[in-house]
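> structural data only, the sequence is not supplied:
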């Protein structure tokens, strides 16, 4: 096992090293597509389970729409096609044919199988879904329509990084249709709040919520809201978005409904999504130089027991007790893994579970069994304490809660320490030449000014925080009047 | 709501009508790709949950591999590429470009974005997975490797039918690697048994298990096993397959491991899968002329309460009681839906839940509340009985179990009544010119003979049942000696 680069040395290298050490994912032979390994996929399964239950509780239902989208659909919403045309995988043929080429046998696309209309692998599904909605929505009785889809999507990225930016990624995409603009806006904000709740309560990752500026809007949206988290290198990561689509897609796909008053009106829409990018955020928010650190609420395995023994007699004693403990812990920790592999030594196993971020490791030897105790190692702070086997379920349950809380508190404290209220352009450039971080500054709201800031400093407006109060001020860059502070940061 | 064609009139039409009436799925604008609507997708979610838990219980873990496969990978296993070359979606470009064509603006694939090597949308993932396995498997310590993936796959079908045969479909594909031929064979048979258990215990659909004949093997397999079910038109439907891949893929992708004795050996492999086709099987096994019939164990909503009232006072009384009942039924029926939509009349609601196959409907009016009773309608036999509200949870729990059992018994009885032991070619042709069904006949085992039977009668060997005893006989078609009866039927 190669060493993990220290965060302080090279944050990018550290990130990839953690992914490799914890066996979360790896690059595949298809440029930009990753393989999500079992340890990484288990995190995605936790994320799916929690969010899916929440979506359903709020009245959404799951469905599945086609992977391939006719080229002409994409073109129906002008901004939408502009946003995605430069990064899409295009299917043109449907058959391979054996041929002899330069004297060598090979398989090539059969020219006779060329499609009349090319198909695009979905970069997102608004177009194919709204085409279907046009068949499902007739009257106000059919509204609201609250659909979610768990799917793979494809955006042909030139510079990729595992989890953060890959050509193919997994996500959920909610697509809803409403009778009024107000309802659609309420839904957009409700789902933004779900994402905030999930990020903070489960990923233990504090986030700032708010609308993006016009230039950062989703292609086809009236307003895009995001959650923004701070990583350990002080950069921001956009971890989820919720879009108010207004009537743009309803107009592009001619989706009208009969109101209760028997008039015809275009439908109001939202869409919202989070992706496997969340796993990247999770890694960069909590992990350390020893490997992955997982918040208990998203760890499929919250506790691992490493039994320690030499003789067969000791083995029987220790494994017997380990099984008892695993059973006792089920109500507070779910399935508890007993790592009884005979081919590895305990020290090697400790290292593996540390790299893989299991929140609690219990070490259990024959002497521990005799003393009615076990050594409890908590991953997030690398502490070890000896605890009694009496009331162990309670101890473990409380410790899991404490870990979850401490991870959030640590991340919040880090964010607060690295958040600044700036007044002058000099302060701004000084900060972002040095350690960076979040800053709240006044901005005039003009796209050109926003772009010039990015060109000079690589800093962007992450969003206009919902919690930002009205306040007279002048733009940090150009001095024009401003009524609100916005959130600036360098971002992933 | 259009009427459902009767099964006796036109089985194919009936099948599509049920899918439409129950809002399970519909065709999409992309030829051969379907939209799975919420009611249909809920069935898939039940299937996923049950199987996924079982796979994990048996030590498998989930992972995710890329959607796109380099053309050269597919070509590495000779039979494999031959099996899939004629039905694959090929990605050739990665960018769209606005152009003027015939005086009209349009978007076309940008020639500058042509890929050096074309990519194939996975028809199945053996090749991309075995390429990855070659990096993960070094020694016997890395074995067995037990991976499963839930994914969408694409096989460009010319004649499609919702759920049964679509270009894109959803499935799970298990891929395992083992140190010995015996272990791989055990895994193949274990997963076949999981599929049998799932089909019979959950889908209430009896199946026959056994190996396919060589001509029906999966492209690249040493042996393919299937589960075969009988539909209501007496045709067979292959509902799941489990493949012993021998060392074929290990050799194609050069996956060797160091044995405990420090020799190098190729790895032994299996793969196994079931797909959204199971939903088609489910429909054709149990549904009737009124719509979908769902076995309780795969119904996400097992019970629906339809409250009946006229005045606000009655509404308050009835809805209050309905909520009480829903709460009481949770332990035996999960979430109980109360259909309190004000815009539809009770009779309309009864029809909707009948079409959608909810196993139990409770009708509750003010008089019922007064009498401490409710009308319980069971979907599978269209019976209505008045039952007491005292001990309702027990009544409903027992009824759900009874429905599940009766559906299986009815399907089994139907299969038995339509299964024949045949000795002569005349009997054979007579049966398959008339009502058809399953038949156990002797067969010589030669591919040519098998093909001639299919050409003449459209009847194929479904599999060689595991329960089929050794028995001397002569081939039903050519008279050559045979040692076993095989299962014949016309098939989907």
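Received the coordinates, thanks. Just so it is clear, the structure is predicted and the values come from calculations on it, not from any experiment. Residues are numbered from 1 along each chain as shown, chains lettered A, B, ... in the order given.
> name the residues of the helix of greatest length in chain A that come out as buried.
When every helix of chain A is counted residue by residue (DSSP state H), the longest turns out to be helix A:392-417. Judged by neighbour count (16 or more other C-beta atoms under 10 Å in any protein chain shown), helix A:392-417 contains these buried residues: A:392, A:395-397, A:399-400, A:403-404, A:407-408, A:410-411, A:414-415. The way it works is simple: take the backbone N, C-alpha and C, and place the C-beta from them, glycine included.
> I'd like the next helix or strand past that helix.
strand A:419-421 (DSSP states H and E).
> which strands or helices does that next one pack on?
Judged by 3 or more C-beta pairs under 8 Å, 6 or more residues apart in numbering or on different chains; DSSP states H and E, strand A:419-421 is in contact with strand A:438-442.
> 10 Å instead, please
helix A:425-433, strand A:438-442, strand A:481-490 (3 or more C-beta pairs under 10 Å, 6 or more residues apart in numbering or on different chains; DSSP states H and E).
> tell me the SS of whichever residue of the stretch 201-350 of chain A sits closest to chain B?
Across the stretch 201-350 of chain A, no residue is closer to chain B than residue A:343, which sits at 5.7 Å (C-beta to the nearest C-beta). Here residue A:343 is recorded as coil under DSSP: H, G, I helix; E, B strand; the rest coil.
> quick check: closest non-adjacent residue to it.
In space, residue A:343 comes closest to residue B:141 once its chain neighbours are excluded; the distance is 5.7 Å by C-beta to C-beta, 6 or more residues apart in numbering or on different chains.
> count the neighbours of the one you found for me.
13 (other C-beta atoms under 10 Å in any protein chain shown).
> please apply the same query to residue A:309.
By other C-beta under 10 Å, 18 other residues sit near residue A:309.
> now residue A:315
For residue A:315, using other C-beta under 10 Å, the count is 16.
> gap between the two ends of stretch A:116-129?
In stretch A:116-129, first residue to last residue: 22 Å (C-alpha to C-alpha, to the nearest Å).
> and what of stretch A:162-180?
40 Å.
> that stretch and chain B, are they touching?
Yes - applying C-beta under 10 Å from any C-beta of the partner chain, one finds stretch A:162-180 touching chain B at A:166, A:167, A:168, A:169, A:170.
> taking these together, which two end up most distant?
A:167 and A:170 (12.3 Å; C-beta to C-beta).
> more neighbours: which of the two?
Higher neighbour count among residue A:167 and residue A:170: residue A:167, with 24 against 20, using other C-beta under 10 Å.
> how close does the residue lying closest to residue A:51 once chain neighbours are set aside get to residue A:12?
Residue nearest to residue A:51 in three dimensions, not counting chain neighbours: residue A:198, with 6.1 Å by C-beta to C-beta, 6+ apart. Using C-beta to C-beta, to the nearest Å, residue A:198 is found at 26 Å from residue A:12.
> go on, residue A:488?
For residue A:488 relative to residue A:12 (C-beta to C-beta), the value is 22 Å.
> between the two, who's got more neighbours?
Comparing residue A:488 with residue A:12 by other C-beta under 10 Å, the one with more neighbours is residue A:488, at 28 against 10.
> partners of the nearest residue to that one once chain neighbours are set aside in the sheet?
Using C-beta to C-beta, 6+ apart and skipping residues adjacent in sequence, the residue nearest residue A:488 is residue A:439, 4.7 Å away. Per DSSP bridges, the residues bridged to residue A:439 are residue A:420, residue A:488.
> what's the burial count for residue A:439?
Using other C-beta under 10 Å, residue A:439 has 22 neighbouring residues.
> what's the answer for residue A:435, then?
The number of residues packed near residue A:435 is 10, by other C-beta under 10 Å.
> same question, residue A:168
24.
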